[in-house]
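Student: Please find the sequence and the predicted model below.
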Amino acid sequence: MKNVVLMTLAVFFSVFAFAQDAADKINQANEAMKAEDYGKAFSLYDDAMKNLGDVQIEPTINYNIGFAAYKAENFEGAHEYFDIAIESDINVAKSWEYKALSYNKQDKYAEAVESYEKSIAASDGDSESMVFNAAIAAYRGGMLDKAVELFGESVENNYRGETSLYYKAVALKKQDNDVAYKATLEKGAEMYPTDDKISSALANVYVSEGNELYKKGVAILSAANEKVNGGSLKTTDEAYTVEVKKSQEQFRAALEVLEKAKELDSSNKNAQKLIDACSAVL
């Protein structure tokens, strides 16, 4: 049972029967913990703790009770006993981490992020996974600035770097920060060239840019042809030639960026369609 130490309790019995009962329940709870019957363990622990009388116990037990409650999905009980453990300076980092995990399961993401950050602050290093988990909680909770910050930290930690960088980009996109979104994806494609999610997302950015350039070229050429059809311009006129060249500049620029998209994601059908369209008018 990871992170849980079943204690040999220093229990000093009083003459009162309820104190003896409390000690017995703690021993029974220890056995239930060994059997991974967490619901029973928590119920026995909790009942004993609320009826201790003169029984003296080590404060470390509060972490175990919080863990039993967490495993039994009794999150209110888990928070109660993890808070006592934290106040007693017992397994502080792990107590905050399990509080964060329980908040996650309750979809209370702001509380989860706060608990993760307190766990990170209390930990003795090796907190990379918690930074990533905090970033995920921030993202799910719509805390986009915090998500960008924490995913960026995860990238620096080289912890699940591809996923961290991708979701940092997605968070930026949700903030309508298209410039940073593109820059982050370009960095990702350079750092992780085999990651399909990053490559596909960046290819779509390039396709969008290529499409805009293509539409500009079409608009310039269409306007010139309208003048020809209206009789105000001839195809032999220098002014018409100038407009055609302007449109071709847009088509060539579109081709350049679309080829980058195709290189990143050869399955992108929109990239190929636009490449064909640009080639046709050139």
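Tutor: Thanks, I have it. Numbers count the residues shown, from 1 in each chain.
Student: What average pLDDT does stretch 174-192 get?
Tutor: Throughout stretch 174-192, pLDDT has a mean value of 97.
Student: Just the helices from this protein, written as ranges.
Tutor: Under the criterion DSSP state H, the chain contains helices at 17-34, 38-49, 61-71, 75-87, 92-105, 109-122, 128-140, 144-156, 161-174, 178-191, 196-230, 238-264, 269-281.
Student: how about the first one: buried residues?
Tutor: Applying a neighbour-count criterion of 16 or more other Cβ atoms under 10 Å, the buried positions in helix 17-34 are 19, 22-23, 25-26, 28-30, 32-33. Yep, even glycine has a C-beta here, placed from its N, CA and C like the rest.
Student: The longest one too?
Tutor: Residues of helix 196-230 classed as buried by neighbour count (16+ other Cβ under 10 Å): 197-199, 201-207, 209-211, 213-214, 216-218, 220-221, 224-225, 227.
Student: surely N104 meets A112?
Tutor: Yes. At 4.8 Å, N104 counts as touching A112 under the criterion of Cβ atoms under 8 Å.
Student: Need the overlap of contacts for these two.
Tutor: Shared between the contact lists of N104 and A112 (criterion: Cβ atoms under 8 Å, 6 or more residues apart in numbering) are residues A137.
Student: In terms of neighbours, single out the busier of these two.
Tutor: For N104 against A112, the residue with the higher neighbour count under other Cβ atoms under 10 Å is A112, and the figures read 25 against 21.
Student: hang on, that one packs against E97?
Tutor: No. At 10.2 Å, A112 and E97 do not qualify as touching, with contact defined as Cβ under 8 Å.
Student: sorry, back to before: just the helices of the chain: most buried one?
Tutor: When you average the neighbours per residue for each of the helices of the chain (mean count of other Cβ atoms under 10 Å), helix 61-71 leads with a mean of 25.
Student: helices and strands around that helix, which ones?
Tutor: In terms of contact count using 3 or more Cβ pairs under 8 Å, 6 or more residues apart in numbering; DSSP states H and E, helix 61-71 is assigned the packing partners helix 17-34, helix 38-49, helix 75-87, helix 92-105.
Student: Give the rounded mean pLDDT of that helix.
Tutor: Here the mean pLDDT over helix 61-71 is 97, rounded to a whole number.
Student: Which residues does it contact?
Tutor: Outside of helix 61-71, the residues that reach it under the criterion Cβ under 8 Å, 6+ apart are 3-7, 9, 26, 29, 32-33, 36, 38, 41-42, 45-46, 49, 75-82, 84-85, 88, 90-91, 94-95, 98, 101-102.
Student: Repeat the analysis, applying 6 Å as the threshold.
Tutor: With Cβ atoms under 6 Å, 6 or more residues apart in numbering as the contact definition, helix 61-71 has outside contacts at 4, 38, 41-42, 45, 77-78, 81-82, 84-85, 90-91, 98, 102.
Student: Widest-spaced pair of those residues?
Tutor: Within the contacts of helix 61-71, two members stand farthest from each other by Cβ to Cβ: Y38 and I90, at 18.9 Å.
Student: Now do the phi/psi pair for E36.
Tutor: For E36, the backbone dihedrals (degrees, to the nearest 10) come out as phi 60, psi 30.
Student: Model confidence score at K94, please.
Tutor: According to the per-residue confidence, K94 scores 96 in pLDDT.
Student: ignore the last one, I57
Tutor: 83.
Student: Next, count neighbours for it.
Tutor: With other Cβ under 10 Å as criterion, I57 counts 18.
Student: how close does it sit to K273?
Tutor: Counting by Cβ to Cβ, to the nearest Å, the separation of I57 from K273 is 72 Å.
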